[in-house]
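**Q** return a 3D structure for these sequence lines:
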Amino acid sequence: PINNAWEYDPAADTWKALAPMPSKRGSPVAAAVGDKIYVIGGVSLPPGSTDIAVSPTTPHASVGTVEEYDPESNTWRERSPMPTPRNHAAIGVVNGKIYVIGGRVGAAFIALASDTSVVEEYDPATDKWSATRARMPTTRSALGYAVINGRIYVAGGEFQDPHMMATFRSVEAYDPSSNTWS
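**A** Predicted coordinates:
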């Protein structure tokens, strides 16, 4: 897990180090709302750990941490944690609200984790999470995602439990306005 933050200037093709995130994490998701950037979830080492990396054989856990970055002041602040701590999720912003979809709970590695179909909505304006929304039809993690015309599309991904290992080519779309999937 790391807490590095960087700014890329495509015109100059240069990188600039920014203030580090307050917490070290791997595999979080990030989204911009207004002039702020939100880094949500991920996986981290337990407090006091001397390990420098997450591995299948060392203790680690999914986190619900939410940190907000303000590019104007180059500062971070912690916000209300996500109700379902997870990593390798999908994220999308529609009408100023952030939706975190699916992902892994319990661990970073698919063989040790449980995938979830949970969809949670965060309102940065009020710093509140809503009740759970309609679940994603196909439970999975490590998926691709994009927002197009007010819908959040999720594609691909993977799943594993004691009975099955799978990768997906399905594409599903979530419409926050009707709280439905297609």
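
**Q** so how far is Val66 from Tyr174?
**A** In this view, Tyr174 and Val66 are 20 Å apart by Cβ to Cβ, to the nearest Å. The C-beta positions use only the backbone N, C-alpha and C, and glycine is treated the same way.

**Q** ok, now which ones touch Asn179?
**A** Asn179 makes contacts with Arg133, Ala134, as judged by Cβ atoms under 8 Å, 6 or more residues apart in numbering.

**Q** okay, it: pLDDT?
**A** Among the per-residue scores, Asn179 holds a pLDDT of 98.

**Q** and the gap between it and Glu121?
**A** 9 Å.

**Q** now swap in Ser177 and tell me
**A** Using Cβ to Cβ, Ser177 is found at 12 Å from Glu121.

**Q** mutual contacts of those two, please.
**A** By Cβ under 8 Å, 6+ apart, no residue touches both Ser177 and Glu121.

**Q** ok, the two, which is more surrounded?
**A** A direct count of neighbours by other Cβ atoms under 10 Å for Ser177 and Glu121 places Glu121 higher, at 17 against 9.

**Q** now do the contacts for the more buried one.
**A** Glu121 neighbours (Cβ under 8 Å, 6+ apart): Lys97, Ile98, Tyr99, Trp129, Ser130, Arg133, Pro176.

**Q** I'd like to know which of these are buried.
**A** Those of the contacts of Glu121 that meet the buried threshold are Lys97, Ile98, Tyr99, Trp129, Arg133, Pro176, by 16 or more other Cβ atoms under 10 Å.

**Q** the more surrounded of Tyr174 and Val66?
**A** Neighbour totals were compared for Tyr174 and Val66, and Tyr174 leads with 26 against 22 (other Cβ under 10 Å).

**Q** identify the residue spatially nearest to that one, adjacent ones excluded.
**A** Nearest-residue entry for Tyr174: Ile152, 4.5 Å, with adjacent residues in sequence omitted and distances by Cβ to Cβ, 6 or more residues apart in numbering.

**Q** give me the beta-bridge partners of that neighbour?
**A** Under DSSP bridges, the beta-bridge partners of Ile152 are Val147, Tyr174.

**Q** distance check, it against Glu120.
**A** Distance of Ile152 to Glu120, given as Cβ to Cβ: 12 Å.

**Q** anything in contact with each of these two?
**A** Here Ile152 and Glu120 have Tyr99 as joint contacts, going by Cβ under 8 Å, 6+ apart.
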